[in-house]
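Participant: quick one, what's the 3D model for this:
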Amino acid sequence: MTTGPSLTPDQLGEFASNVHVERWVSHDDAVAASSLVVCHGGSGTVFGSLAAGVPLVIAPFFADQTTNASLVEATGAGIALISGTDSAQENMQAVMGSKESLRSAVTTILATPTFRESSRLIARELRDADTPSTVFDRLIALW
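Facilitator: Numbering: from 1, shown residues only. Predicted structure coming up:
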């Protein structure tokens, strides 16, 4: 878990021995060492996690996060903690009040191999996809 610039890890108190807390960690390094990612569903974190074949628990607050959460859930690569269809403030309150739902989602993903399998399938598809340069070259060749 990362705290960001406004909190230090020691301000959050004690954690279980299997929880590691830092202010900042490289996303690629964190995802590579993870069994699952819990996030708000921003495109960068969702894309990076799926590209690494790591399933997600998403707690969307606003913007593209709600769409990302529902799409990830639809693929079987994760669970949306809430629908995220209310205002950002209401969504945040719903997430903060859903600790048991979070625990259940994390437990479900870790205990159900199909979430990781779906995430790894998406990772393979992303690796095998054409690059923008390849698509551009094909378009130029057709012109």
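
Participant: what residues sit buried inside stretch 24-41?
Facilitator: For stretch 24-41, burial by neighbour count (16 or more other C-beta atoms under 10 Å) applies to 30, 31, 36, 37, 38, 39, 40, 41. C-beta coordinates here come from the backbone N, C-alpha and C atoms, glycine included.

Participant: what of stretch 108-117?
Facilitator: Quick answer for stretch 108-117 (16+ other C-beta under 10 Å): 109, 115, 116.

Participant: I'd assumed the first one was in a helix, is it?
Facilitator: Looking back up the chat, that one is residue 109. Yes: Residue 109: assigned to a helix according to DSSP: H, G, I helix; E, B strand; the rest coil.

Participant: wait, what's in contact with it?
Facilitator: By C-beta atoms under 8 Å, 6 or more residues apart in numbering, residue 109 lies in contact with 36, 55, 57, 78, 79, 115, 116.

Participant: how much space between it and residue 13?
Facilitator: When C-beta to C-beta, to the nearest Å is the yardstick, residue 109 and residue 13 sit 25 Å from each other.

Participant: what of the second one?
Facilitator: Distance check for residue 115 against residue 13: by C-beta to C-beta, it reads 30 Å.

Participant: over to the last one?
Facilitator: Between residue 116 and residue 13 the computed distance is 31 Å (C-beta to C-beta).

Participant: do the same with residue 129
Facilitator: Taking C-beta to C-beta as the measure, residue 129 falls 43 Å from residue 13.
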